[in-house]
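> Next come a sequence and a model predicted from it.
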Amino acid sequence: MADIDSDPLIRVRSVRKRFGSREVLKGVDLEVKRGEVAVLLGPSGSGKSTLLRCINHLETVDGGRIEVGGHLVGYSPKKGKLYEMTPRQVAEQRRRIGMVFQRFNLFPHMTALENIAAAPMAVLGRPKREAQERAMQLLHRVGLGDWAGHYPGQLSGGQQQRVAIARALAMDPEVMLFDEPTSALDPELVGEVLAVMRELAASGMTMIVVTHEMGFAAEVADQVTFMDDGSVVEWGSPGDVLARPKNARTREFLQRVL
Amino acid sequence: MTETQRSGAAEDDIIAVPLRHPWRWVSAGILGLLFTWLVVLLWDNPNIDHATIGEYLFNPRILTGAVTTVVLTFAAMAVSTVLAVIVAGMRLSANPVLSFIAGFYVWVLRGTPLLVQIVFWGYLGLLFSEIVFGVPLTDIVFLRADTNALIPPLVAGLIALILNQTAYSAEIVRAGLLSVDSGQREAAYSLGMSPLRTFSKIVLPQAMRVILPPMGNETISMLKDTSLLSVIAVLELYTAATRISSQNLRQVELLIVISVWYVIMTTALSIPQHYLEKRFGRGTGARDGFADRMISRVGSAVRTRREARG
Ligand SMILES: Nc1ncnc2c1ncn2[C@@H]1O[C@H](COP(=O)(O)OP(=O)(O)OP(=O)(O)O)[C@@H](O)[C@H]1O
Ligand SMILES: [Mg+2]
């Protein structure tokens, strides 16, 4: 029997990305197995967000390849050639990849419940009742059972981010991408969001998390990748990268954020 | 029970004399005087025959004209709004051909007077004496019709209003679409929504908040602009009035009659606008203005009475 665990769920290989003439990803590699939590570190502008956005094809890549669950992201290989996917195909692929944004990006014209139920109804064609029941369960899971009828504008940042996580989970993704989910939050609200992410990690969700929360990284991550200036500088277990960094740039960065 | 407990006030409640606003009363007084003077001036004028105003206010020709005006307004706004969403979408599209066509359309139609466009459509019969439906540049013909028969003044006028309004509305819709944060689109995409779904469920409803208030103004302008169709003899409210006054020579009285109707119609338009703005303002703390509060109050009073009646 093939060992499923030896096959990474996400495989990023020598991915390059340019904005104009500026190369912001210069051949990045990353592998995340099913159920693993990968933490991505790096100074501002190092390309962490760009990498996450490439993984669910919010940005196209200029070189290399990204595979999720064995499927090439954004292109269909046919007879030795690559064909750009249609918007419909890309949308279908994105269903399996949830994303949580730094600025929450909740839909302000919908209540918390409607935010979560919207995509299952619109994309998966779930009946309204079923979608809302599931949304309610997810709200309870992130500790917001009493807030279903509130609009995002009536929720605190921490509550909004938890709704955003529930919204992504409603599509039953195989992978969750987090782009600095706590850095827009007041310090006292960071804990409640991290708690939800911990619970999610414990439940076996595959996650890639960009964060500056070193405590979370040390405790939850299975692997830590440090990026600088569009390249992976160092990667390994949190014990190695965070406690005994080999690279000078990693050491310098860790001194600054700790 | 002590005094404070009974009145429901706590010991430290602030009991203060409210701030007075003397200037509100002064300005209201001045305005009231000016207004009264204006009314007296018009009412006492021996050249205005009040009986004529009363007589023609509910004249069937005037009423028919008013209905035509309303129908033209709604038809033109409805069709042009749909077209405007398309033109705005084209303008914002990544396809350079579509974007150019939309930009050119808006440029030309906003760059020429509405009156000229109306006359142009009215005189289309001079340009093309007949309209032929068929395959261009071949002899295949499905239908051949006389232009003046196929496009009577009413239709020509409606086309002119629609095409002109589309250009203005497209710019309003475009501004509305641009006002929606790009993070909204990305969030929808990341949930697997298609571009079309994202547009209709996420972007457009949020853009409506920005689009609706100016569109209300556009509707009111449209209601009044229909009077320009008098140049191609469409029998709307203004044309109806001029036809009557050319017979009885009571121009001013008839202008007052139709002004009353225009004001009634534009006022009536603010009611649906209020409810639409409320509907699309969901989730925002937007504050109501004076008119909104009045409409809300009347609306809830009507609802309460209806419920009370059973
Ligand atoms: N759409 C874009 N167009 C042009 N340049 C971009 C675009 N998006 C990102 N960049 C540039 O790419 C580089 C990497 O950006 P990215 O957002 O991936 O960095 P980051 O590591 O996430 O930084 P931060 O910690 O500040 O979020 C930056 O220099 C940024 O200016
Ligand atoms: Mg970033």
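Arrived safely, thanks for sending. Ligands and ions are numbered 1, 2, ... in the order given.

> What is the neighbour count of the residue of the stretch 151-300 of chain B found nearest ligand 1?
Closest residue of the stretch 151-300 of chain B to ligand 1, Cβ to the nearest ligand atom: residue B:182 (9.7 Å). Every C-beta, even on glycine, is put in place using the N, C-alpha and C of the backbone. Neighbour count for residue B:182, taken as other Cβ atoms under 10 Å in any protein chain shown: 10.

> Look up how far chain A lies from it.
Applying Cβ to the nearest Cβ, to the nearest Å, the value for residue B:182 to chain A is 9 Å.

> check contacts around the residue of the stretch 151-258 of chain A found nearest chain B.
Across the stretch 151-258 of chain A, no residue is closer to chain B than residue A:151, which sits at 3.7 Å (Cβ to the nearest Cβ). Contact analysis of residue A:151 by Cβ atoms under 8 Å, 6 or more residues apart in numbering or on different chains lists A:108, A:109, A:110, A:111, A:112, B:282, B:283.

> Which member of those is positioned nearest ligand 1?
Among the contacts of residue A:151, residue A:108 lies closest to ligand 1 (Cβ to the nearest ligand atom), at 22.9 Å.

> In contact with the closest one, which residues?
Taking Cβ under 8 Å, 6+ apart as the criterion, residue A:108 is in contact with A:151, A:152, A:153, B:206, B:283, B:284.

> Tell me which residues touch the fifth one, please.
The contact partners of residue B:283, by Cβ under 8 Å, 6+ apart, come to A:108, A:109, A:110, A:111, A:151, A:152, A:153.

> where does the first one land in three-state SS?
When you say that, I think you mean residue A:108. coil (DSSP: H, G, I helix; E, B strand; the rest coil).

> list the contacts for residue A:223?
A:32, A:36, A:37, A:38, A:39, A:235, A:236, A:237, A:238.

> Assign a three-state SS to residue B:172, would you?
On the three-state scheme (three-state DSSP), residue B:172 is labelled helix.

> Scan chain A for its longest helix.
helix A:187-202 (DSSP state H).

> Output it as PDB - backbone C-alpha positions only.
C-alpha atoms of helix A:187-202 as PDB (Å, rounded to 0.1, in the frame of the first residue of the first chain):
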ATOM      1  CA  PRO A 187      -3.100  42.500  21.500                       C
ATOM      2  CA  GLU A 188      -5.800  41.300  23.900                       C
ATOM      3  CA  LEU A 189      -7.800  39.800  20.900                       C
ATOM      4  CA  VAL A 190      -4.900  37.800  19.500                       C
ATOM      5  CA  GLY A 191      -5.400  34.900  21.900                       C
ATOM      6  CA  GLU A 192      -9.000  34.100  20.900                       C
ATOM      7  CA  VAL A 193      -8.000  33.700  17.300                       C
ATOM      8  CA  LEU A 194      -4.900  31.700  18.000                       C
ATOM      9  CA  ALA A 195      -7.100  29.400  20.200                       C
ATOM     10  CA  VAL A 196      -9.400  28.600  17.300                       C
ATOM     11  CA  MET A 197      -6.300  28.000  15.000                       C
ATOM     12  CA  ARG A 198      -4.900  25.600  17.700                       C
ATOM     13  CA  GLU A 199      -8.100  23.700  17.800                       C
ATOM     14  CA  LEU A 200      -8.100  23.500  14.000                       C
ATOM     15  CA  ALA A 201      -4.500  22.200  13.900                       C
ATOM     16  CA  ALA A 202      -5.300  19.600  16.600                       C
END
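
> any low-confidence regions in the chain?
Since you didn't name a chain, this refers to chain A. Low-confidence segments of chain A (pLDDT under 70): A:1-6.

> Let me rephrase: I mean chain B.
Scanning chain B with the threshold set as pLDDT under 70 gives B:1-10, B:125-127, B:129, B:147-150, B:285-291, B:310.

> The same query, at a cut-off of 50, please.
Applying pLDDT under 50 to chain B picks out residues B:1-5.

> mind listing the strands for it?
In chain B, the strands defined using DSSP state E lie at B:130-134, B:141-146.

> The first one versus strand B:141-146: what angle between them?
Strand B:130-134 runs at 170 degrees relative to strand B:141-146, counting by axes from the mean of the first three to the mean of the last three Cα atoms, to 10 degrees.

> helices or strands up against strand B:130-134?
strand B:141-146, helix B:147-150 (3 or more Cβ pairs under 8 Å, 6 or more residues apart in numbering or on different chains; DSSP states H and E).

> Tell me which residues of that strand come out buried.
Within strand B:130-134, the residues that count as buried by 16 or more other Cβ atoms under 10 Å in any protein chain shown are residue B:131.

> which residues does the residue positioned nearest the centre of chain B contact?
Centroid check for chain B by Cα atoms, centre = their mean gives residue B:219 as the closest residue, at 1.2 Å. If a contact means Cβ under 8 Å, 6+ apart, then residue B:219 has B:73, B:77, B:269, B:273 as its contacts.

> got it, and residue B:102?
Each residue near residue B:102 by Cβ under 8 Å, 6+ apart is listed here: B:87, B:88, B:90, B:91, B:170.

> Quick check: the second one touching residue B:173?
Think residue B:88. Yes. Here residue B:88 reaches residue B:173: they are 3.9 Å apart, a contact under Cβ atoms under 8 Å.

> between the two, who's got more neighbours?
Each of residue B:88 and residue B:173 has its neighbours counted (other Cβ under 10 Å); residue B:173 has more, 28 against 25.

> ok, now which ones touch that one?
Contacts here follow Cβ under 8 Å, 6+ apart; on that basis residue B:173 touches B:84, B:85, B:87, B:88, B:207, B:211.

> again, 7 Å this time
Contacts for residue B:173 were tallied using Cβ atoms under 7 Å, 6 or more residues apart in numbering or on different chains; they are B:84, B:85, B:88, B:211.

> Filter these to keep only those in contact with ligand 1.
Restricting these to those touching ligand 1 (Cβ under 6 Å from any ligand atom) yields no residues.
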